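Novice: got a predicted model here, sequence first, then my questions.
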Amino acid sequence: MMLPRRADLLDGRTLLVCIGAAKTGTSWLHSYFCGREDVAVSPLKEVHFFDAKFPETALGDPDRFAMKRLEFHLKAAETSPRTLRDAAALQASLDRVQMIYDPLAYFDHFARLSTDRTRVVCDITPGYSAIGRDGFAYLKAFCAQRGIRVKILFLMRDPVDRLWSQLRHLQQLSAENDVLRDWARIAQSPAIRARADYAQIVQALDDMFDAEDVLHLFYENLFDDPALRALCRFLDLPFSAPGQTETLNETLVKLPLPGVAKEAFSKDLAPQYRFCQTRFADRIPASWLSL
């Protein structure tokens, strides 16, 4: 008799996929969910499973990064079997590498993290915002094959502020990204442009998912009660106040946005402001309207 896969334990639970965008408070959201017994999130925070399937606009190679991360954890861990069994990040890294040759290991990973109290499992990977319509179609079909109910959360932030924060973060990751010198070239790369194209992302989600399965929230008021209450209602969870409101994974490279860059970004992203103002109207934070 064939034993059922671990993923069968996800029956009746919701998979929340937070697709970003980058630098919109996803690390804080991960921390918030980690504090809840009814939500299971990956110790990896960013699983990078679906963007590995659609790597054209990925920042780097998600699968290669997964292998390097596993190598790091194996070197850092003690060699006793007990230590390996108790190392959550190492187990998660093993799960992620297994996903390279066994896609259903994606569900096994979240089932492993679940308990009897878990109602929602959550993958928070901002890079998914760049996988496009085909990527979202794959995500939906992949989950449907296993009978998993999937809901999508898309977090947005003032387009110019978000873009500059991401560019500064890229410099933090590698000094080769000199954003004061190369902001124009970096901002025009396909991977960065895809993450800045709110209109394309929102419209692709409209095409692929039912309206009740998609929630759009804004970084500027994510930490306030109304936004969190809306998220909890969306997930059919009781409201739970956050234990902390400090910014997490804050970009440490503090560089003022040059005036010439602000002017160029504002012009380039003007269609995004217009789209969002039409689509979300008075839901848009007032600070967006100051440009």
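Specialist: Looks like it came in fine.
Novice: only C-alpha atoms for contact and neighbour calcs from this point on.
Specialist: Noted.
Novice: the protein: strands as residue ranges?
Specialist: Assigned by DSSP state E, the strands in the chain fall at 14-18, 39-41, 120-124, 149-156, 214-218.
Novice: for Ile284, grab the count of nearby residues.
Specialist: Here the number of neighbours of Ile284 (other C-alpha atoms under 10 Å) works out to 21.
Novice: which one of the strands of the chain lies closest to Met99?
Specialist: strand 120-124 (14.1 Å; C-alpha to C-alpha).
Novice: listing partners with orientation, what would you give for that closest one?
Specialist: strand 14-18 (parallel), strand 39-41 (parallel) (DSSP bridges).
Novice: tell me which of those sits most buried.
Specialist: Among those, strand 39-41 has the highest mean neighbour count (mean count of other C-alpha atoms under 10 Å), at a mean of 25.
Novice: distance from that one to the middle of the chain?
Specialist: For strand 39-41, the gap between its own C-alpha mean and the chain's C-alpha mean amounts to 14 Å (C-alpha atoms, centre = their mean, to the nearest Å).
Novice: can you check stretch 89-105 too?
Specialist: So, by C-alpha atoms, centre = their mean, the centroid of stretch 89-105 is 18 Å from its chain's centroid.
Novice: what comes up buried for it?
Specialist: By 16 or more other C-alpha atoms under 10 Å, the buried positions in stretch 89-105 come out as 89-100, 104-105.
Novice: okay, the residues you listed in a markdown table with distance to Ala52 and pLDDT next?
Specialist: Shown next, in a markdown table, are those (distance: C-alpha to C-alpha, whole Å; pLDDT from 0 to 100):
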| residue | distance to Ala52 | pLDDT |
| --- | --- | --- |
| Ala89 | 20 | 85 |
| Leu90 | 20 | 87 |
| Gln91 | 20 | 90 |
| Ala92 | 17 | 93 |
| Ser93 | 15 | 93 |
| Leu94 | 16 | 93 |
| Asp95 | 15 | 95 |
| Arg96 | 11 | 97 |
| Val97 | 11 | 97 |
| Gln98 | 13 | 96 |
| Met99 | 10 | 97 |
| Ile100 | 9 | 97 |
| Leu104 | 14 | 93 |
| Ala105 | 14 | 95 |
